[in-house]
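A.B. asks: structure for the following, please:
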Amino acid sequence: MLMIEVAFWICLSLIAYAYAGYPLTVWVAARLFGGLPTRPRLDAAEFPFVSILIAAHNEEAVIAERLRNALAVDYPADRLEVVVASDGSTDRTTEIVGACVDPRVRLLHSPLRRGKARVLNAALKALRGEIVLLTDANTFIESNALRQIVPWFADSATGVVCGRLVLTDGASGANSDGLYWRYETFMKECEGRLGALLGANGAIYAIRRSEFSGINGGTIVDDLVIPLVMHLRTGCRIVYDPSAVAREETAPSLTTEFRRRARIGAGGFHSLSLVGGIALPRHGWLAFSFISHKLLRWLCPFWMLGALATNAMLADDPFYRLLLAAQLLGYGLSALGWHHRTHGWRVVRLSTMFTTMNAALLVGFWMWASGTQTGIWQRTAR
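C.D. replies: Residues are numbered from 1 along each chain as shown. This next block holds a predicted model:
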């Protein structure tokens, strides 16, 4: 029983550290040992050629508006191209892009579905830009984003720059950044101060093309793998710039969000074979952040199952019976929140978010372990 009791407290401690202890630790470390990086000055005459790369599959509903948004950026027109890499689109995506008369727009179309990683590998070889801004078809960047991002690359040590993603409600367009997204953005800011940024926001991040040599074709979470692989290969710096903003609609339903998180979870487990070397102590703060923010978080569903099982074994003790009741109440609130979707008290929504997020990670683990998840993605309904 002592071993069971120890196992219970270990599981509970790992959960608490992953979601509360680490954010507090990284905040303190950022204040004591980190600092805000300074964006280099760069005259407009020195701006390099930039390629905006949009990987797309069956995006006829948004691709025209997305092109207008990309072409409206405040950047010299003679040093900009917008490239849509279509991954086996079967709707009117390629027709819409092909009909665009602006000479800065190019279409790279693969009639076969290859998956996003293979599409990016092929497209990056065909681009003209020294700097490549990777973004999604459902993302809309603010007009000054490139002027915020590009000067960072004046420092030869910088290989990746990540912007800030703001989530909006599809119906109203209002800012719908929830508590969890603000929490994640807060940690990204702290990690940026420490030089320990873990990947990027897939909606808006830029890379130095000369330092990109390709990623594994089965990669699912390119915005995690590309920056970390580049760092492992070249030692380049990954910078977070919250002033470079992109906006994206939230998923329209909890079911859609669950599927998206499960796919990301599968991608996280798959990435361990590609970027797991980041966890080695020689990577300093980056290793600390990777273990704390990614690895322990990905394993949290197992800590939760362990805490529930060991707690049930200890339920003869009144104290542990009370803790078990608290766990069951939390899961009950989560089920209530799922049933009523967006309705209910904040504590119910938070409980639902926490439980479903970890359930999605567990499903993602199974998808990865069973080999059922591939690098080929399905567009999210919007």
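
A.B. asks: run through the residues that contact the nearest residue to Phe186 once chain neighbours are set aside.
C.D. replies: Nearest-residue entry for Phe186: Pro23, 7.0 Å, with adjacent residues in sequence omitted and distances by C-beta to C-beta, 6 or more residues apart in numbering. Quick note: C-beta positions are derived from backbone N, CA and C, even for glycine. Pro23 is in contact with Tyr183, Phe186, Met187, Cys190, counting by C-beta atoms under 8 Å, 6 or more residues apart in numbering.

A.B. asks: send over the host helix or strand of the first one as PDB, restricted to the C-alpha atoms.
C.D. replies: When you say that, I think you mean Tyr183. Using DSSP states H and E, Tyr183 sits within helix 179-194. The C-alpha atoms that make up helix 179-194 are tabulated as PDB, following Å, rounded to 0.1, in the frame of the first residue of the first chain:
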ATOM      1  CA  LEU A 179      -7.800  31.300 -20.600                       C
ATOM      2  CA  TYR A 180      -5.900  28.300 -22.000                       C
ATOM      3  CA  TRP A 181      -4.700  30.200 -25.100                       C
ATOM      4  CA  ARG A 182      -3.600  33.100 -23.000                       C
ATOM      5  CA  TYR A 183      -1.800  30.600 -20.700                       C
ATOM      6  CA  GLU A 184       0.000  29.100 -23.600                       C
ATOM      7  CA  THR A 185       0.900  32.500 -25.000                       C
ATOM      8  CA  PHE A 186       2.300  33.600 -21.600                       C
ATOM      9  CA  MET A 187       4.600  30.500 -21.500                       C
ATOM     10  CA  LYS A 188       5.700  31.200 -25.100                       C
ATOM     11  CA  GLU A 189       6.700  34.700 -24.100                       C
ATOM     12  CA  CYS A 190       8.600  33.400 -21.000                       C
ATOM     13  CA  GLU A 191      10.400  30.800 -23.100                       C
ATOM     14  CA  GLY A 192      11.300  33.400 -25.700                       C
ATOM     15  CA  ARG A 193      13.000  35.500 -23.000                       C
ATOM     16  CA  LEU A 194      15.000  32.500 -22.000                       C
END
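
A.B. asks: following element in sequence after that helix, please.
C.D. replies: strand 205-208.

A.B. asks: can you pull out the helices in the protein?
C.D. replies: Secondary structure of the chain by DSSP state H: the helices cover 2-16, 22-33, 63-71, 93-98, 116-126, 145-149, 179-194, 222-234, 254-275, 285-289, 296-298, 300-313, 318-340, 346-370.

A.B. asks: this completes my enquiry, with thanks.
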